[in-house]
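Asks: Dropping the sequence and predicted coords here.
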Protein chains: 2
Amino acid sequence: MAAATPHRVVIIGGGFGGLQAALALRDAPVELTLVDRRNFHLFQPLTYQVATGALAASDVSYPLRAIFHDDERVHVMLAEVSGFDLDAREVSLEPVGDAPAPGALPYDTLIVAGGSTYSYFGHEEWRDVAFEVKSLESALMVRRRLLSAFEAAELETDPEARRAWLTFVVVGAGPTGVEMAGQIAELAKDTLPGDYREIDPRSATILLVEAGPRVLPAFDPSLSTKAVRLLGELGVTSQTDRPVVGVDHEGVDIARDGSDETERIDARTVIWAAGVTPSTLASRLGEQAHAEVDKLGRLIVEPDLTVPHHSEVFAVGDMVNVRGLELPGLAPVAMQQGRYVARVIKARLEGRPHEPFHYIDKGNLATIGRARAVAEIKKLKLAGGMAWLTWLGVHLWYLIGFQNRLLVLIRWLFSFATRGRGARLITGQTTEMAARER
Amino acid sequence: MAAATPHRVVIIGGGFGGLQAALALRDAPVELTLVDRRNFHLFQPLTYQVATGALAASDVSYPLRAIFHDDERVHVMLAEVSGFDLDAREVSLEPVGDAPAPGALPYDTLIVAGGSTYSYFGHEEWRDVAFEVKSLESALMVRRRLLSAFEAAELETDPEARRAWLTFVVVGAGPTGVEMAGQIAELAKDTLPGDYREIDPRSATILLVEAGPRVLPAFDPSLSTKAVRLLGELGVTSQTDRPVVGVDHEGVDIARDGSDETERIDARTVIWAAGVTPSTLASRLGEQAHAEVDKLGRLIVEPDLTVPHHSEVFAVGDMVNVRGLELPGLAPVAMQQGRYVARVIKARLEGRPHEPFHYIDKGNLATIGRARAVAEIKKLKLAGGMAWLTWLGVHLWYLIGFQNRLLVLIRWLFSFATRGRGARLITGQTTEMAARER
């Protein structure tokens, strides 16, 4: 056995699914390569807090190489996937930045965990106006926009123009939209008053606009109602059944359900937290494998998370639809799927059978500003302080790295005590200026 | 007295000099406006640690508005200075980003604290290749370059090309150059080994190249010698009397003093820590006031730091040369000057006389990697661990904001204990890609 070539596992993506698979395979007799176009794992559930300056970028991310520092059989590769050759069992790669082009990467088992990105419902021009808070770069751009809006309002003398600078629209009322709206409200009502002399940041308007009939659609309706009330106490106006039909640098156009009229809202800052679309790896993998994608663009995989006709290829996370299961696009699903795939690979290597994937729903959490949250844990439904403490504990627990946990805890304690936000820096002028010149 | 218009003081620049002047004027009966094009004070002596991922951007910067949160008479204005009208006693301003154009700003007393930037000795094309570590954006770019170089080396199969990726040249051996070279050595020799499978980061070459005859020219020659030895122990090769005559994306050309030959060094990462040039505000102010600038471009000011012929205009920090004094371009000089100007303004308001500016030299410090530094405090000259503890204490003491001090201390303790670097993220692909497209 010692002389045999070890079984080669390639994992695409160092998000929740890919990382958990890699961690669980560290003690398996395999040669593991983890490919990502970023050199860090991003803790996406907290990235929106980078956007409001509550956390620093490095608080919510952790270098992938540092995670596998001591695991000599784990290779981390910084590269972009350009295609799959399932017959030859190879992944073709493109370099990131100036790096040399990596060759094709052969595998015995492949795990694809490409995740998802925001979709602008076919309106790609909205992407340059309404930034999302899921990727780190975009969250930093939102931070710059948010803070610059208050600065512009301070200098603006025309009342209407000033009101547009102080109007913030969050599109989409899933957990990210709700949390983001709550954070902007905290920023405007708790952190910034006293910082300005010409404006009162408390006069800011924060609108949470949702196309569907209620906020937090994945939660129990009773919690949706409570969330709207908690948001209202913070100063956020929630509007449901109001699809956004236009976004530009000056504001948004919102339709009223069951009516042809649209309403114009003048707002200089629009944040996108609406539709999610799977990574393009889903369709590319589907094409190669002659496998179906669902109407959301997710690859339909077998109950054991393998790609149809290719038992050596697994796909996990937001980019898949598991045949026969209806799973939400949440971090815990991706994490459980990653660990499951690792178990299947180990079972196969040892010739043991395995069960189909089975999701254990540990509940659903969303925070709504300072010391408020909603939580749904099995039959238990919580709203308020207890839910918030649960949220706090769960998120700290799952943050990778002891240092990050400690730093985040300290920042949160400071924010809580001082209502401040230590990381509210406007950086990246160059980025935006350069982007505008294109 | 209560009905009189308060004396209006305008401060340009929220660096060390401007910030100290503003802090010291908080209890004076003046209406104060602090203008900066950034919304934060940057602790420049530690910005280079952001470049190596030892610290996060928000650890070394603090929002200006948060500093003056409770001082209602202090206005912070985010704007760029476009000119001075000394006769009309007005500063003209340009907006930052999308903000509305601010009007002209009238003053009774003006303090200009524009600081300095890196100079590329007339080779502006080097600026896009050899980034500096004095501004936050540039430090983040250096971080990306440094970490990406190791990633590229890991993928590179050609030995010579790989060596160029693993060669790091720091140009200029003042404190920033020495500290930066030491940090790269720590990164390569302490932090990264174990992270890579194809390369040994310890094989990296780190060159510190200085045009003058010794490293740390502002220190006692005995400490220059010790610094070279300490750098050597870390794996940094110091070369003096070697002016850089060419910089491009593939390497540098270095002259040998007293010879026409140049030596080519293949290096994909070049960091600029050489010549400093005063802010253009120095020459613009000089032109308006018909005042002289010295051969370094610094405005020559009177012994009480006023601009010649304009006793109501002060200039402080790196951008000035005080007539009759020979002062280094260091943070303590700017801080003492800022506080001095505040004292002069108070004395004038109360009709008291004031002494000319007098610099109290508290010493000179430079750290050289893990637990090593050189220090010169009056007649005392230290090299090694004690100097490093002094460096540590002084820098923590002067960091603005209790939260920042605690976070920096924690990051340093972790780095010291684990030899890790928590903030080593490669971000800003978009920035660099956009910049390249221009």
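Replies: Looks like it came in fine. It should be emphasised that the depicted structure is a prediction, and the values quoted were computed from it without experimental measurement.
Asks: what's the closest residue to A:Glu160 other than its chain neighbours sitting at in phi/psi?
Replies: Leaving out its chain neighbours, the residue that sits closest to A:Glu160 by CB to CB, 6 or more residues apart in numbering or on different chains is A:Asp266, at 7.3 Å. C-betas here are computed from N, CA, C, even on glycine. Here is the backbone geometry of A:Asp266 (degrees, to the nearest 10): phi -80, psi 110.
Asks: again, but for A:Met319
Replies: phi -90, psi 0.
Asks: For it, which residues are in contact?
Replies: Contact partners of A:Met319, counting by CB atoms under 8 Å, 6 or more residues apart in numbering or on different chains, are A:Val112, A:Ala113, A:Gly114, A:Gly115, A:Ser116, A:Pro278, A:Ser279, A:Leu281, A:Ala282, A:Arg298, A:Leu299.
Asks: Can you pull the residues of the stretch 151-300 of chain A lying near chain B?
Replies: Counting by CB under 8 Å from any CB of the partner chain, the residues of the stretch 151-300 of chain A close to chain B are A:151-152, A:154-157, A:161, A:192, A:194-197, A:268.
Asks: what are the bridge partners for the residue nearest to A:Glu160, then?
Replies: Listed by DSSP bridges, the beta-bridge partners for A:Asp266 are A:Gly251.
Asks: wait, it sits on A:Leu166?
Replies: No: in this structure A:Asp266 lies outside contact range of A:Leu166 using CB atoms under 8 Å: 10.3 Å.
Asks: Which one's more surrounded, the two?
Replies: A:Leu166 (25 against 15; other CB atoms under 10 Å in any protein chain shown).
Asks: Do I have it right that the more buried one meets A:Glu154?
Replies: No: judged on CB under 8 Å, A:Leu166 makes no contact with A:Glu154 at a distance of 10.0 Å.
Asks: Any regions of chain A where pLDDT drops low?
Replies: Scanning chain A for pLDDT under 70 picks out A:1-4, A:257, A:401-402, A:416-425, A:427-438.
Asks: let's see it at 50
Replies: A:1-2, A:429-438 (pLDDT under 50).
Asks: what ranges do the helices span in it?
Replies: Per DSSP state H, chain A carries helices over the ranges A:16-24, A:47-51, A:64-67, A:136-155, A:159-165, A:175-186, A:221-234, A:281-289, A:331-349, A:385-398, A:402-418, A:429-437.
Asks: Mind putting those into a markdown table with distance to A:Ala79 and mean neighbour count?
Replies: Formatted as a markdown table, the helices of chain A follow (distance: least, CB to CB, whole Å; neighbours: other CB atoms under 10 Å in any protein chain shown):
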| stretch | distance to A:Ala79 | mean neighbour count |
| --- | --- | --- |
| helix A:16-24 | 14 | 26 |
| helix A:47-51 | 23 | 27 |
| helix A:64-67 | 12 | 24 |
| helix A:136-155 | 18 | 23 |
| helix A:159-165 | 42 | 16 |
| helix A:175-186 | 28 | 27 |
| helix A:221-234 | 41 | 18 |
| helix A:281-289 | 13 | 20 |
| helix A:331-349 | 20 | 21 |
| helix A:385-398 | 27 | 16 |
| helix A:402-418 | 25 | 17 |
| helix A:429-437 | 23 | 16 |
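Asks: Same list, the ones you listed, but as CSV with distance to B:Ser415 please.
Replies: Conversion of those to CSV gives the following (distance: least, CB to CB, whole Å):
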stretch, distance to B:Ser415
helix A:16-24, 23
helix A:47-51, 22
helix A:64-67, 12
helix A:136-155, 22
helix A:159-165, 41
helix A:175-186, 30
helix A:221-234, 38
helix A:281-289, 36
helix A:331-349, 29
helix A:385-398, 22
helix A:402-418, 9
helix A:429-437, 28
